[in-house]
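# compute the structure for the input listed below.
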Amino acid sequence: MSKFGELIETKLPVLLAFFADRHEASKEMHPILRDAAATLGNKAKVIKIDVDKNQELAEALRVKALPTLMIYKNGEMKWRQSGEQDANTLVELVKEYL
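Purely as a prediction, here's the structure:
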């Protein structure tokens, strides 16, 4: 999990998306996250985390539902929600922390 600390200890907002390819709603979020990342450019990071490959992290953060989305800035969680979101909503949420 030390890599996780490095990911979130940044001045840029970091949008984390916890997903599993076996989960339909998670798969539907992939193009939405790509669009959000393209819109935000270098102003923020968008990172997808596969819960099947990162079970320890998902358990530590109590990720129960998929997809689960979180925004971190300076190592602190600023926002969290489970369920699908559209790209515009995600971009606006991240912009609040620029």
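
# where's residue 33 relative to residue 15, distance?
Distance check for residue 33 against residue 15: by CB to CB, to the nearest Å, it reads 8 Å. Where C-beta positions appear, they are placed from N, C-alpha and C, glycine not excepted.

# compare the two and say which is more crowded by neighbours.
Between residue 33 and residue 15, counted using other CB atoms under 10 Å, residue 15 has the larger neighbour count: 24 against 20.

# ok, the more buried one - contacts?
Applying CB atoms under 8 Å, 6 or more residues apart in numbering to residue 15 gives the contacts 33, 36, 40, 44-47, 69-71, 90, 93-94.

# list the helices and strands the longest helix anywhere in the chain packs on?
In the chain, taking DSSP state H as the definition, the longest helix is helix 24-40. Packing partners of helix 24-40 (3 or more CB pairs under 8 Å, 6 or more residues apart in numbering; DSSP states H and E): strand 14-19, strand 45-50, helix 87-95.

# which elements pack onto the second one?
With contacts defined as 3+ CB pairs under 8 Å, 6+ apart, the packing partners of strand 45-50 are strand 14-19, helix 24-40.
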